[in-house]
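In: this one's sequence-less:
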């Protein structure tokens, strides 16, 4: 199996990365396989503690008796756009983008494998077939999927060069006074809580444009445009200015009066160039159930 890391994988340990994306293998087992030379990074044998960089090539040879597969599942997909090379799906809140060590079923990849089989790119490995970018479990909205490796490279190049426009809707705590502004704060991993990110001076450059749509007594409805695409970028940036996303308990929002499955955040707009030409595709979806539910309460 071959994996290529992206900007969201930077600064992770090699063993932690592999334990996240390969179901059924414990971290200790992965460490044992790394030690025995089954894993190479950019054609070199590395230690488990190796810190990943963007575009690292990881070649992982699992012994035959331990070869793993992902189970295709007949899960309905909300397909917003499709052509011969790619598709865009509207991922529901609560669904993982791809399997993890703990959860191996009911992910977007399980659903994609049922509908498309092997007609998906494999540049990011068998466990992330077709996946170009990710959304957090409880963030809903638009995700691009590549059907073949050429399309994957074409679209990944746009993402890397920041020529894909991604816009989000969110409801955040507190009243934001400015109508429109940019947050330009580097983001890196939280050294004390590795599952979280934080703004830090030595982090990766991270930029988010915030536009106010509607203000309430103690909350604000906003539109966000990502200039970069770091892990948890919107959630971290909004926390950094003391306006965490509504119900985002991981980043300090606490539970609001309207109960939802964590953060009220939706990827609602994508603009990209269709493979392999110059046609511009723009896609936009309506606010999801969580946003409508909280807005109804706030407006009442």
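Out: Okay, I see it. Predicted model only: the values in this text are computed from it and were never measured.

In: hey, let's count contacts and neighbours off CA atoms from now on
Out: Will do.

In: contact partners of the helix or strand encompassing residue 211?
Out: Secondary-structure assignment from DSSP states H and E places residue 211 in strand 207-215. For strand 207-215, contacts defined as C-alpha atoms under 8 Å, 6 or more residues apart in numbering pick out 175-176, 178-186, 220-228, 233-234, 237.

In: and for stretch 133-146?
Out: When contacts are taken as C-alpha under 8 Å, 6+ apart, the neighbours of stretch 133-146 outside the stretch itself are 85-97, 120-121, 130-132, 152, 155, 232, 261-270, 285, 288.

In: could you do stretch 190-205 as well?
Out: Applying C-alpha under 8 Å, 6+ apart, the contact partners of stretch 190-205 are 184-189, 228, 230-232, 236-237, 240, 250.

In: hmm, residue 100 and residue 20 touching each other?
Out: Yes: with the criterion set as C-alpha atoms under 8 Å, residue 20 and residue 100 qualify as a contacting pair; they are 5.1 Å apart.

In: low-confidence ranges, the stretch 201-300 of the chain, go.
Out: Along the stretch 201-300 of the chain, segments meeting pLDDT under 70 are nowhere present.

In: residue boundaries of the helices in it?
Out: When secondary structure is read from DSSP state H, counting those that start in this stretch, the stretch 201-300 of the chain shows helices at 233-240, 289-299.

In: returning to that earlier point: just the buried members of the contacts of stretch 190-205?
Out: Among the contacts of stretch 190-205, those classed as buried by 16 or more other C-alpha atoms under 10 Å are 185, 186, 187, 188, 189, 228, 230, 231, 232, 236, 237.

In: buried residues of stretch 290-300, list them for me.
Out: Of the residues in stretch 290-300, those buried by neighbour count under the rule 16+ other C-alpha under 10 Å are 290, 291, 294, 295, 298.

In: what of stretch 244-262?
Out: Of the residues in stretch 244-262, those buried under the neighbour-count criterion (16+ other C-alpha under 10 Å) are 244, 245, 246, 247, 248, 251, 252, 253, 254, 260, 262.

In: stretch 186-204 too?
Out: 186, 187, 188, 189, 197, 198, 199, 204.

In: just to revisit the earlier point, can you redo the buried residues of stretch 244-262 as a markdown table with distance to residue 57?
Out: Putting these into a markdown table (distance: C-alpha to C-alpha, whole Å) gives the following:
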| residue | distance to residue 57 |
| --- | --- |
| 244 | 35 |
| 245 | 35 |
| 246 | 37 |
| 247 | 37 |
| 248 | 34 |
| 251 | 32 |
| 252 | 35 |
| 253 | 37 |
| 254 | 39 |
| 260 | 38 |
| 262 | 34 |
